[in-house]
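Asks: Next input, structure requested:
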Amino acid sequence: MVLFWSRVVAELRRVWSEGLYVAGIPMDEIPDLNSCLLYQQLQVINCCVSRKRRQAIATESLDSVMREVTTDAAESASSKDMLPSSPILYARISTGELVLRLGADCPCSNLTMLETGEPVYSPVTQEAPLLTEDLIKETEEFVLRTGSVGAGCSQLLSDMQAFKLQILVVFWKIS
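Replies: Residues are numbered from 1 along each chain as shown. All right, here's what the predicted structure looks like:
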């Protein structure tokens, strides 16, 4: 039995390292809490592979946007009146300047900015965590034991501060 289990683990490591899906398991579904814990863990592996692939695609997309912005900036230096090639990539601020729009997913219905009249875009958000039955129980026990989700709150605050800092860094690089 030990030999069988070690081969299963070795195969799962190979599948993960090569970015392949576990055969017979849905590719991009959150863990089904009605299934056994092993099946939930296999679903998590497939979800993580899918997320890893989406992250690679998003990174490539961002790189191409940054290359396009660099090209646009070089071209606009030679001709000041030229509009950007893709208006979705840029937002006009109250001073009339165009700034790079990062982290925007899609326009929000009929919402517009008050000062500029530009459409409001919904942000790209993080994906929800993948929770299996044992992780849900562990979180529940932690909350009951401590009476709060303090560690989660401090992590959220830290993430928000890092996000604000990243926005400032990007803004100053563009300006």
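
Asks: Direction included, what does the longest strand along the chain pair against?
Replies: If each strand of the chain is counted by residues according to DSSP state E, the longest one is strand 104-112. On the basis of DSSP bridges, the sheet neighbours of strand 104-112 come out as strand 119-123 (antiparallel).

Asks: average pLDDT across the partner strand?
Replies: When pLDDT is averaged over strand 119-123, the result is 82.

Asks: Would you pull up how far that strand lies from the middle of the chain?
Replies: Its chain's C-alpha centre lies 16 Å from the corresponding centre of strand 119-123 when counted by Cα atoms, centre = their mean, to the nearest Å.

Asks: what packs against the helix or strand following it?
Replies: On the C-terminal side of strand 119-123, the nearest following helix or strand under DSSP states H and E is helix 133-146. The contact analysis (3 or more Cβ pairs under 8 Å, 6 or more residues apart in numbering; DSSP states H and E) places helix 133-146 against helix 37-78. Using the backbone N, CA and C atoms, a C-beta is placed for each residue, glycine as well.

Asks: Specify the local secondary structure of Val99.
Replies: At Val99 the chain is in strand, as set by DSSP: H, G, I helix; E, B strand; the rest coil.

Asks: Could you tell me how many residues sit around it?
Replies: Residues lying near Val99 (other Cβ atoms under 10 Å) number 15.
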